[in-house]
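Chemist: A predicted structure for the sequence below; I have some questions about it.
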Amino acid sequence: MANIDHSLSKRLNDAAARYQSHAGERHRAERILQGKDWDWRKIETPTRVLRRMQALGLESLAGEIMSGVTAPESIRRPHVQVGLLERILEENDLLSSRFLHLGSQFAESVCKIVIRRSGRILGSGTGFMISPRLLMTNNHVLENKMNTRDSTLIFDYYQRRSGITGPTLEFRLEPETFFMTDQALDYTVVAVRETSPEGVPIASRGYIPLIVESGKVLIGEPVNIIQHPSGGPQQIAIKNNTVVDRVDDYLHYQTDTQPGSSGSPVLNMQWELAALHHSGVPKQNDQGQILLQDGSVWNGTQADLDRIQWIANEGVRISSIVADIQNKLANDQETALFESALISTSAARPVSPSIKVVPLSTGLQGEAVSKEDWSDEQLDRLTPEQVATWVAQLESHSLETTLEFNLTEEAIVSEGDSWFDYAPAGLDIISCLKIFHRYPIYNVAEAGDTLDNMAWGTEYKKRNWQRREPPLEETVQAIQQYQPRIVLLSGGGNDVAGQELSALLNHKSSGLPILRKSYIDFLFDDYFKRAYQTIMHRIWEVDADIQIVTHGYGYPIPDGRAVIRVFNFSWIGPWLRPPMTEKGYTDRAVQTQIINHLIDRLNEMLQEIANADSRVHHLDLREAINDDDWANELHLKNSAYRRVAKQFHDLIRGL
């Protein structure tokens, strides 16, 4: 006879009932979202939308979007029509590598829960730290103190680059210190022991804080879920997961989760916690019976859970859980522990408060090491995952997350390409300036950016041909906000690499000179110089006394090396050898001659700009970088970037 799990059946049927109760509203919202000229006011309230805009730093756009609705006079601009969710979704599409840095850091706070009773393993789930001591998961994962006391948490259970999992960290729970649960909202919050059996502090895992207010995600926005599906290694369902409905205390979203994912954090694109994942929404027949993938009726057992036909997922809204716990707190100790997990979007707070604080003087294996004592070998052995963790830990000092940061130190603003934005593949100049010299920097750089795009903007939305603003606009906004005395600029490398390099060469078989001299003269003497001058003049329009630091590049080696295995990307590049090979130039000496000539021209152009204006300072790095410093065709090793950053530091100190 089948062992029917009545609590599981009730949870699934309740989720299906909530999902079906809003079928009409959900289908209507889907039609509106898919329409060309849809009105966001038909699917979301002005209050929630305004709150979401403020959280995204879009206050200046609020008046344009609040056309025709009640909004404060200070932000309302009537008769201007702008698509709000279109803009929010566009913002979410503009992902810099910071998105990966933060995601990697948050993933360290998520663990597999091994559910035990009297030493017997009953199953598994997912949980995550919400403060330095408290863990959140589902009530149906940890139902009571007895199960909780015997269960364990497994951190770092994910597949490494080699394909193996481990080493992992195990922690025990401490329900006597704090235990709060609710079956209706399906949550459990419990204290974790302060250290693992090996003496590792649980606080070192970081945490994902609870934001008190509602409105962290709107219908139509994507969410991300960090999970341990079926008790396996950690996985992330990222971005292609859309919120389709909001029903009372619950969110419905379409994403990939499996049994074992119960208790996972549901995060918006800013990695803010929006919901606690607790159930799939099963497909039902006309009689309300849950269906399996083959069309047969589910028998109500855990054994066939994997075979259920899922149509959506359901999470419990964090704002509802927070309100419920606050009503149940019984004493000062409980209150103090729980309040350590709370932040408010309306209160001034540090950038990325959930990022765990690890002293920058901590070595690779956790030993205390002065940052000046890091060896080149140690730096060059850093994996992309370690780089991502390093850089994420710098977010509270980087100014990159928000323009509302309460700055107490003098800031620097930077704009550039991958030499300023290379993580997680490796360290870059900006990350080294932060790590080794402690500069607070607002960094507008994006790997692969060209001077063309930086100055004037070449990107547009393919969906509707709408042009995007050039990065220079964000740079100017940051300068207005932080009033820096120094701005760092990096650019030009991508304008002479890849297909752009091919355009500079005549084919070897043409009988013409190798380089298209007149075209190259035009690019360096006119076009690239005009791009740099455009950027500089916009900066000086804000403050004519700002000092600008530029840099050239060393002589790269066109040997076909690329960036290999960086998170979801298996191969990026190469950029130099392919275009020269396709034009018939396969001799290494000739290839080197071509590249060296272009690097020389770029440095000469930048030095001419600096010679013409005392506010511009050019760093010529050709002699500072040697052949052994290159990690691939366009980027340096971590140790070389640290050495280059030291030259920036010396110049900045002199200014």
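Modeler: Looks like it came in fine.
Chemist: state whether residue 537 is indeed within a helix.
Modeler: Yes. Assessed by DSSP: H, G, I helix; E, B strand; the rest coil, residue 537 belongs to a helix.
Chemist: tally of neighbours for it?
Modeler: Around residue 537 sit 9 other residues, with neighbours defined as other C-beta atoms under 10 Å. C-beta here means a position set from N, CA and C on the backbone, and glycine is covered the same way.
Chemist: use 391 as the first number from now on
Modeler: Taking 391 as the first residue, the last one we looked at is residue 927.
Chemist: how much space separates it from residue 934?
Modeler: Residue 927 sits 10 Å away from residue 934, going by C-beta to C-beta, to the nearest Å.
Chemist: show me where the stretch 491-640 of the chain has helices.
Modeler: Secondary structure of the stretch 491-640 of the chain (DSSP state H, counting those that start in this stretch): helices at 535-540.
Chemist: tell me which element the most centrally placed residue in the chain falls in.
Modeler: With distances taken as C-alpha atoms, centre = their mean, the residue of the chain nearest its centroid is residue 489 (1.3 Å). Using DSSP states H and E, residue 489 sits in helix 488-497.
Chemist: isn't residue 699 up against residue 679?
Modeler: No. In this structure, residue 699 is not within contact of residue 679 by C-beta atoms under 8 Å, at 11.5 Å.
Chemist: how close does residue 688 sit to residue 406?
Modeler: Residue 688 is 11 Å from residue 406, where distance means C-beta to C-beta.
Chemist: shared neighbours of the two, anything?
Modeler: 672, 680 (C-beta atoms under 8 Å, 6 or more residues apart in numbering).
Chemist: list the contacts of the residue nearest to the centre of the chain.
Modeler: Counting by C-beta under 8 Å, 6+ apart, residue 489 makes contact with residue 659.
Chemist: end to end, how far does stretch 527-538 reach?
Modeler: 11 Å (C-alpha to C-alpha, to the nearest Å).
Chemist: which residue ranges of the stretch 691-840 of the chain form strands?
Modeler: 700-707, 732-733, 802-805, 831-833 (DSSP state E, counting those that start in this stretch).
Chemist: where does the stretch 641-790 of the chain dip in pLDDT?
Modeler: Scanning the stretch 641-790 of the chain for pLDDT under 70 picks out the ranges 645-650, 734-763, 775, 779, 781-790.
Chemist: tell me which of the strands of the stretch 691-840 of the chain lies nearest to residue 917.
Modeler: Nearest to residue 917, of all the strands of the stretch 691-840 of the chain, is strand 802-805, at 18.1 Å by C-beta to C-beta.
Chemist: what helices and strands are in contact with the closest one?
Modeler: If you count contacts as 3 or more C-beta pairs under 8 Å, 6 or more residues apart in numbering; DSSP states H and E, strand 802-805 packs onto strand 831-833, helix 861-872, strand 876-879.
Chemist: need these in JSON lines with distance to residue 416, can you?
Modeler: Formatted as JSON lines, the helices and strands packed on strand 802-805 follow (distance: least, C-beta to C-beta, whole Å):
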{"stretch": "strand 831-833", "distance to residue 416": "40"}
{"stretch": "helix 861-872", "distance to residue 416": "36"}
{"stretch": "strand 876-879", "distance to residue 416": "48"}
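Chemist: just put the ones you listed in CSV and tack on distance to residue 999, mean pLDDT and mean neighbour count.
Modeler: Formatted as CSV, the helices and strands packed on strand 802-805 follow (distance: least, C-beta to C-beta, whole Å; pLDDT from 0 to 100; neighbours: other C-beta atoms under 10 Å):
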stretch, distance to residue 999, mean pLDDT, mean neighbour count
strand 831-833, 22, 89, 26
helix 861-872, 16, 92, 19
strand 876-879, 10, 98, 25
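Chemist: and those: which comes nearest residue 643?
Modeler: Here helix 861-872 is closest among the helices and strands packed on strand 802-805 (C-beta to C-beta), at 29.9 Å.
Chemist: what lies in contact with the closest one?
Modeler: Contacts of helix 861-872 (C-beta under 8 Å, 6+ apart): 789, 793, 797, 801, 803, 805, 832, 834, 836, 839, 843-847, 877, 924-925, 928-929, 931-933, 936.
Chemist: cool, and stretch 833-844?
Modeler: Residues from elsewhere that reach stretch 833-844, judged by C-beta under 8 Å, 6+ apart: 486-487, 788-790, 803-808, 810-812, 820, 848-849, 860-862, 864-865, 868, 880-882, 884-885, 890, 918, 921-922, 925.
Chemist: only the buried subset of the residues you listed, as a ChimeraX command please.
Modeler: In ChimeraX, a selection of the buried entries from those looks like this (16 or more other C-beta atoms under 10 Å):
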select :487,788,789,790,803,804,805,806,807,808,810,811,812,820,860,861,862,865,868,880,881,882,884,885,890,918,921,922,925
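Chemist: check contacts around residue 562.
Modeler: 542, 543, 582, 583.
Chemist: equivalent analysis for residue 816, please.
Modeler: Contacts of residue 816 (C-beta under 8 Å, 6+ apart): 772, 774, 777, 1021, 1025, 1026, 1027, 1028, 1031.
Chemist: can you pull the pLDDT of it?
Modeler: As predicted, residue 816 sits at a pLDDT of 89.
Chemist: what about it, distance to residue 553?
Modeler: On the measure of C-beta to C-beta, residue 816 and residue 553 end up 22 Å apart.
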